[in-house]
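A.B. asks: Build the 3D model from these lines:
(one chain, ligands or ions: 1)
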Amino acid sequence: MVKNVRVMVLRAPGTNADRELAFAFELAGGTARLTHINELISGSQKLADYHILALPGGFSYGDDLGAGKVQANEMRLRIFDDLKTFVERGSLILGVCNGFQALIKTGILPGPPDPKLPHVTLTNNDSGKFECRWIKLVSEPTASCVWTNNIDRMEAPIAHGEGKLIAAPEMLSRLRPVFYYANSKWQPTSTYPSNPNGSVNNIAGLTDDTGRVFALMPHPERFVRASQHPQWTRRDIDEPGQGLQIFRNGIAAARDF
Ligand SMILES: NC(=O)CC[C@H](N)C(=O)O
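C.D. replies: Model prediction:
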C-alpha cells in the first residue's frame, strides 16, 4: 500500500492547465510536482519515482503541426522506452485535452504503447472553431477503467479546437471508450452542440486494455468544487465538483499499487 502517491504533472512550453491539474490531485490526496518535459529528457527527473503521470491541457509548442504533435514527437523520439516501462510496470496515466492529444499522437493510446500506430488521431472540430463551454458526459457501462469507477455521468467544461477523434475502420474495435458526449436526456449523441466536435462514436474519453491509462477532452480538474459550475447557486450543486471523483479514483488505484 502506497501512503504518499506521487504525481508528475508534465509541462511543456505552452501548457496552461498544469497548476489546475496539480491542484486537483492534491485535493484528492496526492503529492503533485510540475515537471518540465526537458527534465525527463535530460534524466534529472525520473518517471520511475512517480506513481501517476498526468498530462495537462494547453497549447504545447503553440499547437504547431497540430495540437499535441510536437510534444508527442518529443515523447515518442526521446522518452518512449521510459513511458512504455511506466505503463508496463502498472503505473497510471491521465491525459486531459492537450494531454489526450499528446497521448494519442505518441501512440500510448489506444494502447498498448506503440510509436508506429498513426491510425487514430484527434483533429479539428467539425464546427471549425474553438469550443469553450460546459457539456454532458455519460460513461460506457462496460468500460473497465480505474479512473472512472462510480461515475455514470458528469458535467465538465471543454476548451478545445481539435477534439474530434477519428480512427481507421480497422482500429474502431481496438478503441476502449470510457465517456461519450451526451444530450440533455443523458443519451450519447452525435448532434452538435451537445457533441461539440463530431468525434467518432461520440467518444469523449478513452482508456487502454489495462484500464490504467485514461484520457479525455473535457477538463475534470475544472470541476473539483461546486462553485466552478456556472449554475452552482441556481441548481444548488453539491460539493465536491463531480470531476474530483476521477482524481480520487486515480489516487485510490495508485495506493493499491
Ligand atoms: N484545453 C486544451 O488543452 C486545448 C487543446 C488544444 N490546444 C486544442 O485547442 O485543441
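
A.B. asks: On the pLDDT front, check L117 for me.
C.D. replies: pLDDT, L117: 64.

A.B. asks: what does the stretch 51-200 of the chain have sitting close to the ligand?
C.D. replies: Contacts of the stretch 51-200 of the chain with the ligand, taken as Cβ under 6 Å from any ligand atom, map to 57-59, 63, 67, 97-98, 130, 159-163. Using the backbone N, CA and C atoms, a C-beta is placed for each residue, glycine as well.

A.B. asks: Helices - which of the residues you listed land there?
C.D. replies: When DSSP state H is applied, those are split such that N98 fall in helices.

A.B. asks: Now list the buried members of the residues of the stretch 51-200 of the chain next to the ligand.
C.D. replies: With burial judged by 16 or more other Cβ atoms under 10 Å, the buried subset of those is 57-59, 63, 67, 97-98, 159-163.

A.B. asks: Format these as a markdown table; extra columns: pLDDT and distance to P169.
C.D. replies: Shown next, in a markdown table, are those (pLDDT from 0 to 100; distance: Cβ to Cβ, whole Å):
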| residue | pLDDT | distance to P169 |
| --- | --- | --- |
| G57 | 98 | 29 |
| G58 | 98 | 32 |
| F59 | 98 | 31 |
| D63 | 96 | 27 |
| A67 | 98 | 24 |
| C97 | 98 | 26 |
| N98 | 98 | 27 |
| A159 | 98 | 30 |
| H160 | 98 | 25 |
| G161 | 98 | 25 |
| E162 | 98 | 21 |
| G163 | 98 | 21 |
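
A.B. asks: and which of those residues is nearest G198?
C.D. replies: Distance to G198 across those (Cβ to Cβ) is lowest for G163, with 8.8 Å.

A.B. asks: contacting residues around the closest one?
C.D. replies: With contacts defined as Cβ atoms under 8 Å, 6 or more residues apart in numbering, G163 is in contact with 97, 122, 125, 131, 196-197, 199, 217.
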